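**Q** With the sequence up front, the predicted model follows.
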Amino acid sequence: MTNYDLSKLDILVVDDSSTMRAVLNMILTKLGATKVRLCNDGSEAFKEFCKAPSDIVITDWVMQTMSGIELAGLLRDPKKSPHPCVPIIMITSNAARDEVMEARNAGIDTYLAKPVTPESVYNCISQIIHKNVAA
């Protein structure tokens, strides 16, 4: 597998758990990411994304105010989103088949079950980069 340089990516992390945001920030930083923006819910994330679109959005599913699925709907809406094709990684503890299908139908590119590891996060980002480079 190709080793990708994550230092040039702008990654938006959305999770209502401050612990999970810190864990993801630490993992992404150790993987070489230098621009990681952290938001605590979908509403805040969409406002931040509209100000400056990210290269990748990593979002939790279940959050107060706006869920990850609702956020994905806004991000995918070409009338509301500045970058409706942004890759979205959904991170959640729910890994049931019907939930994976719901996430895919909402426009989620990759689905990652908790607990996350540096390897699993890197693999998801690598899949997205590889897919976009090959396209």
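**A** Now that the structure is in, tell me what you want to look at.

**Q** For the lowest-mean-pLDDT helix or strand in the chain, which helices and strands make contact with it?
**A** The helix or strand of the chain with the poorest confidence is helix 97-105; it has a mean of 81 (mean pLDDT, DSSP states H and E). Under the contact definition 3 or more C-beta pairs under 8 Å, 6 or more residues apart in numbering; DSSP states H and E, helix 97-105 sits against helix 68-76, strand 110-113. Heads up, the C-betas are built off the backbone N, CA and C, glycines and all.

**Q** nearest to S93, of the ones you listed?
**A** Of all those, strand 110-113 sits nearest to S93, with 6.8 Å by C-beta to C-beta.

**Q** If you count neighbours, what's buried in that closest one?
**A** Applying a neighbour-count criterion of 16 or more other C-beta atoms under 10 Å, the buried positions in strand 110-113 are 110-112.

**Q** what packs against it?
**A** Packed against strand 110-113 by the contact rule (3+ C-beta pairs under 8 Å, 6+ apart) you find strand 88-92, helix 97-105, helix 118-134.

**Q** and the shortest one, how far from the chain's centre?
**A** Yep, that's strand 88-92 we're talking about. The gap between the average C-alpha position of strand 88-92 and the chain average comes to 5 Å, counting by C-alpha atoms, centre = their mean, to the nearest Å.
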